[in-house]
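**Student:** Quick check, what structure comes out for this input:
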Amino acid sequence: QVQLVESGGGLVQAGGSLRLSCAASGRTFRRYAMGWFRQAPGKEREFVAAISWNGGTTLYADSVKGRFAISRDNAKNAVNLQMNSLKLEDTAVYYCAQDGVNYSLGTTLERSYDYWGQGTQVTVSS
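**Tutor:** Numbers count the residues shown, from 1 in each chain. Modelled structure (predicted):
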């Protein structure tokens, strides 16, 4: 059984930074691409960032490009999301997800991810 546990969320002022982490267990982590999604109140869940199985390819939503950075540590079975220059509109619950396909380069498509964490709240204040 795959488990994904996010951490690092919290309250931060606009312009500040946060680093989210996701610890994975249950299957061979290094084989799978990982993604971050978020859901703001009253909105649908949306793609934020993804990283390929080996870390060589990254994808970002246009809204976070240049401000967020996704990385992974296959030795620690972890994926991180460094969030800088945070804006009010970044407020959301952030979810870590694991791609269901071996050795994927990563995808923006929510349906490709078969395991999800419980989410961590990020609140950006003015």
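**Student:** List the buried residues in the host helix or strand of residue 50.
**Tutor:** In the assignment (DSSP states H and E), residue 50 maps to strand 46-51. For strand 46-51, burial by neighbour count (16 or more other Cβ atoms under 10 Å) applies to 47-51. Glycine gets a C-beta too; all of them are placed from N, C-alpha and C.
**Student:** quick check, nearest of those to residue 95?
**Tutor:** Of all the buried residues of strand 46-51, residue 95 sits closest to residue 48, with 8.8 Å by Cβ to Cβ.
**Student:** and the closest residue to the closest one other than its chain neighbours, which of the three is it?
**Tutor:** Take residue 48 and drop its neighbours on the chain: the residue closest to it by Cβ to Cβ, 6 or more residues apart in numbering is residue 36, 4.3 Å away. Classification of residue 36 by DSSP: H, G, I helix; E, B strand; the rest coil places it in strand.
**Student:** Residue 36: neighbour count?
**Tutor:** The tally of other residues near residue 36 (other Cβ atoms under 10 Å) stands at 26.
**Student:** Please list all residues in contact with it.
**Tutor:** Each residue near residue 36 by Cβ atoms under 8 Å, 6 or more residues apart in numbering is listed here: 20, 22, 48-50, 70, 79, 81, 94-97.
**Student:** let's see 7 Å
**Tutor:** When contacts are counted by Cβ atoms under 7 Å, 6 or more residues apart in numbering, residue 36 touches 48-49, 70, 81, 94-96.
**Student:** Can you name the element that comes right after the biggest strand by length in the chain?
**Tutor:** As assigned by DSSP state E, the longest strand anywhere in the chain is strand 92-102. The helix or strand immediately downstream of strand 92-102 is strand 113-116, counting by DSSP H and E.
**Student:** Quick check: pLDDT value at the residue positioned nearest the centre of the chain.
**Tutor:** What sits nearest the mean C-alpha location of the chain, by Cα atoms, centre = their mean, is residue 36, with 2.2 Å. Looking at residue 36, its pLDDT stands at 98.
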